[in-house]
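Trainee: Take a look and give me a structure for this.
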Amino acid sequence: MTNTDATAVSGSPPYYDPYDFDIDQNPYPCFKQLRDHAPLYYNEKYDFYALSRYQDVLGASKDWQTFSSARGTVLELLDLPAEHIPQMMIFMDPPQHDRMRRLVSRGFSPRHINRLEQRTRELARELLAPFQPGDTLDLIDDYAAPFASMVIGELAGVPREDLDIVRQWGEDNLALKEGEDAFQGAKTMAADADSELAAARRDVWAYFNELIEKRRREPQDDMISAVIASEIEGDGGGGRPLEDRELLDFIGLLSGAGTETVSRLMGWAGVYLPEHADQFAAIRGDLALLPGAIEELLRIEPPSPVQARITTASATFYGTEIPAGSKLLLLTGAAGRDERQYHDPDRFDIRRDAKHVSLGQGVHFCLGANLARLEARVALEELIARFPTWEPDIATAQRIHTSTVRGYRHLPVRL
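Mentor: Take a look at the predicted model:
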């Protein structure tokens, strides 16, 4: 792959570090520098390349043969031995990826997801019922995170009383501590069976193992039971049931990713809508505008703004060759604000109706996109119906910092 539209570097060279909390607080000035002056960027400290322009990120996202997900899609995982890489669908390439996706895709079809709308609405109302106008609600802890967990829990078959445990594990597994070397932390977790994170992960896997055994003995009308009963295509034809590790990693992906992305998206909605009063008023007057607002939120503040890949062959961008076997970051957060693709890209516009790469592209397009959009729409509709306006307390809000997910961990709002 070659792109010869080279851009000259002016001034001091850009610097991007996915583990830098200051950059993560507002990465968009840095992303603009990368797009303008280093559209193919190289970070010597962590030995990765990065693409930031929309067309480059779009093309690489579709080209799974050259830009592989089989070593993981999180930067600090790419250096781990293969046996330590979770067997999650997002960490696979075809044909293995396609077999797994076919196995579970029926549970995420638009028809099946649309049947969940009434139940998701009931769950949203249940969570909002204790609050009254004038109260302060933590939009994440009190509403978005438990709502997303409850929806995924009912879909997957995780008992409600256990959802908080699973949700906390997902957040703790992603979150970085300030000053922490995430590369070293990931290696330590893999090598040191006595590490705190490794011990916590064993506890969760033990819980999921027990749940799998329960479903084997007493199948229910849920996705875990359906996946246990299904067969995946074998390499030599025919079918086979999923191995225990494959089941565990699938349940972990479903419960973790399904909660994290919706929670962060709701956090951005909680800030952006009141900041743009005219557009918020338009949504209250016509809820048909809400799906467009959700797409614009995904573009301007993607919950997962960084995707990692390994190159399987050399690739050339802007006159520089990326060797085979290199680590590459696809900066979807930068691509969503590329002036080459969008007019006035830093402006929030619920009527923009523009495509974005925030949910992936090609074979790795987010399998849960329909569910995430439904959850966000229903959660916001119910919030607006009960509390037409709210005021976020940015001064006491807290962010979650990871190398792959970005957004609010706590967001108090005055109703």
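Trainee: what about the protein, any weak spots by pLDDT?
Mentor: 1-11, 106-107, 165-201 (pLDDT under 70).
Trainee: can you pull out the helices in the stretch 301-415 of the chain?
Mentor: Taking DSSP state H, counting those that start in this stretch as the criterion, the stretch 301-415 of the chain contains helices spanning 332-335, 369-386.
Trainee: Give me whichever of those helices is most buried.
Mentor: helix 332-335 (a mean of 28; mean count of other Cβ atoms under 10 Å). C-beta coordinates here come from the backbone N, C-alpha and C atoms, glycine included.
Trainee: That helix - contacts with which helices or strands?
Mentor: helix 28-37, helix 54-62 (3 or more Cβ pairs under 8 Å, 6 or more residues apart in numbering; DSSP states H and E).
Trainee: Tell me the strands beside the helix or strand just after the last one, with direction?
Mentor: Towards the C-terminus, the helix or strand next in line after helix 54-62, according to DSSP states H and E, is strand 67-68. Strand 67-68 has these partner strands in its sheet, going by DSSP bridges: strand 307-311 (antiparallel).
Trainee: got the helices of the stretch 301-415 of the chain as a markdown table, with distance to residue 128 columns?
Mentor: Output for the helices of the stretch 301-415 of the chain, formatted as a markdown table (distance: least, Cβ to Cβ, whole Å):
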| stretch | distance to residue 128 |
| --- | --- |
| helix 332-335 | 30 |
| helix 369-386 | 5 |
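Trainee: now, of the helices and strands packed on helix 332-335, which is deepest in the fold?
Mentor: Ranked by mean neighbour count under mean count of other Cβ under 10 Å, the helices and strands packed on helix 332-335 are led by helix 54-62, which reaches a mean of 21.
Trainee: now the angle between strand 307-311 and that one, please.
Mentor: Relative orientation of helix 54-62 and strand 307-311, computed by axes from the mean of the first three to the mean of the last three Cα atoms, to 10 degrees: 70 degrees.
Trainee: Alpha carbons of helix 54-62, as PDB, please.
Mentor: Taking C-alpha atoms only, helix 54-62 is exported to PDB below (Å, rounded to 0.1, in the frame of the first residue of the first chain):
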ATOM      1  CA  TYR A  54      -9.300   9.300   7.800                       C
ATOM      2  CA  GLN A  55      -8.600   7.700   4.400                       C
ATOM      3  CA  ASP A  56      -5.400   5.900   5.800                       C
ATOM      4  CA  VAL A  57      -7.200   4.600   8.800                       C
ATOM      5  CA  LEU A  58     -10.200   3.500   6.700                       C
ATOM      6  CA  GLY A  59      -8.000   1.700   4.200                       C
ATOM      7  CA  ALA A  60      -5.900   0.000   6.900                       C
ATOM      8  CA  SER A  61      -9.000  -1.000   8.900                       C
ATOM      9  CA  LYS A  62     -10.300  -2.900   5.800                       C
END
